[in-house]
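1. Mind looking at a prediction? Sequence and model below.
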Amino acid sequence: MKYCRYLSPSGAARYAYVERQDGALWAMRPMIVPEEDLAARLASLEDHSTAAFHAAPLESLTLLPPVTPSKIVCVGRNYSEHAAELGNEIPKEPLLFLKPPSSLLAAGQPIRLPALSKRVDYEGELAIVIGKRCRNLGPDEDVSQYIRGYTVVNDVTARDIQKSDGQWTRGKGWDTFCPVGPIMVLAGPDEIDPLRGAPVTVTTRLNGEVRQNGSTKDLIFPIDFLLRYITAFTTLEPGDLIPTGTPSGVGPMQAGDTVEVEIGGLGTLRNPCVAE
């Protein structure tokens, strides 16, 4: 099952199940608000709009990020070729960093390139969405029960600031530096299943030209390992987002560019770039 989150005519966040119709993704019917999205639950109680739901193509909706995470736990250098292209060694353990929820950006909305940075890069990634609170997952524990599903992320990075700071908070955490969506796919045998060894391809295009084309089969640290490693130090809550790393081919974006990250079964995350 697939779903999106969008802005209703009344200005409230709404959820809808998504299906493919004639080659395009459509919001087909309303969906119950996920338990962690308290703001949407309250809005649904207060929303007195009498407008009935009508199926509509996603491109006609004002999309919102499909998740409302309490935290975004990212994994750096999780593809060996990406580590090499930036002159870095392959990490011996997962290299983790946080993006603030304020960096979230919906599909179709502009990535703002900060004036303080001379190089802002795209980084297309598959992201895990947590569905159940978890902490200290055991070595033999089935991690699939804690995964709600998957979505697409662009881990936008101010590369020069990342390097000059030495730590990655500013370089990775600017507002609009975490585009996500356009949809989320619920984990299940009928959908994508990278946890069970069915890899997915991550393709990034800049102005229509392919720049990244990697596969999750090349992850240094696979999904189950990442969840055990992360939950050894922090509690993951429903809705939390875990981008799993980017393949090789990262590069800079300029104002006026359009960047697209496509993952089979998850659709295409498309965002224009503008100067801040």
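-> All right, it came through fine.

2. from memory S80 sits against F221, does it?
-> No. Between S80 and F221 there is no contact, the gap being 11.1 Å when judged by C-beta atoms under 8 Å. Quick note: C-beta positions are derived from backbone N, CA and C, even for glycine.

3. Now the common contact residues for the two.
-> For the pair S80 and F221, no residue contacts each of them under the criterion C-beta atoms under 8 Å, 6 or more residues apart in numbering.

4. hey, where'd the helices end up in this protein?
-> 38-46, 80-85, 159-165, 169-173, 223-231 (DSSP state H).

5. Include distance to D22, mean neighbour count and mean pLDDT when you put those helices into a markdown table, please.
-> Below are the helices of the chain laid out as a markdown table (distance: least, C-beta to C-beta, whole Å; neighbours: other C-beta atoms under 10 Å; pLDDT from 0 to 100):
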| stretch | distance to D22 | mean neighbour count | mean pLDDT |
| --- | --- | --- | --- |
| helix 38-46 | 29 | 14 | 71 |
| helix 80-85 | 36 | 16 | 82 |
| helix 159-165 | 40 | 16 | 95 |
| helix 169-173 | 38 | 20 | 97 |
| helix 223-231 | 33 | 19 | 97 |
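
6. Please render the ones you listed as a markdown table that adds distance to L64 to the earlier fields.
-> Compiled in a markdown table, these are given as follows (distance: least, C-beta to C-beta, whole Å):
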| stretch | distance to L64 |
| --- | --- |
| helix 38-46 | 9 |
| helix 80-85 | 29 |
| helix 159-165 | 27 |
| helix 169-173 | 20 |
| helix 223-231 | 25 |
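
7. which stretch among those helices comes nearest Q254?
-> Put simply, out of the helices of the chain the one that sits nearest Q254 is helix 159-165, at 13.4 Å, with distance taken as C-beta to C-beta.

8. what does the closest one rub up against?
-> Taking C-beta under 8 Å, 6+ apart as the rule, helix 159-165 contacts L116, S117, K118, R119, V120, D121, W168, R170, G171, K172, P252.

9. can you list the domains in this structure?
-> In the assignment given by automatic domain parsing, the structural domains of the chain cover 2-64, 72-275.

10. so which of those domains is the most packed in?
-> Ranked by average neighbour count under the criterion mean count of other C-beta atoms under 10 Å, the domains of the chain are headed by domain 72-275 at a mean of 19.

11. picking up where we left off before, among the contacts of helix 159-165, which are located in strands?
-> Secondary structure defined by DSSP state E assigns V120, D121, P252 of the contacts of helix 159-165 to strands.

12. Show me what the second one is bridged to.
-> Pointing back at D121 there. As for beta bridges, D121 partners with T157, P252 under DSSP bridges.

13. That one touches T157, doesn't it?
-> Yes. The pair D121 / T157 is scored as a contact, 4.8 Å apart, by C-beta under 8 Å.

14. what sits in contact with each of these two?
-> Listed contacts common to D121 and T157 are V250; contacts here mean C-beta under 8 Å, 6+ apart.

15. coming back round to it: what is the nearest of the ones in strands among the contacts of helix 159-165 to F177?
-> Nearest to F177 among these is V120, at 8.4 Å by C-beta to C-beta.

16. What separation do you get for the closest one and G76?
-> Distance check for V120 against G76: by C-beta to C-beta, to the nearest Å, it reads 17 Å.
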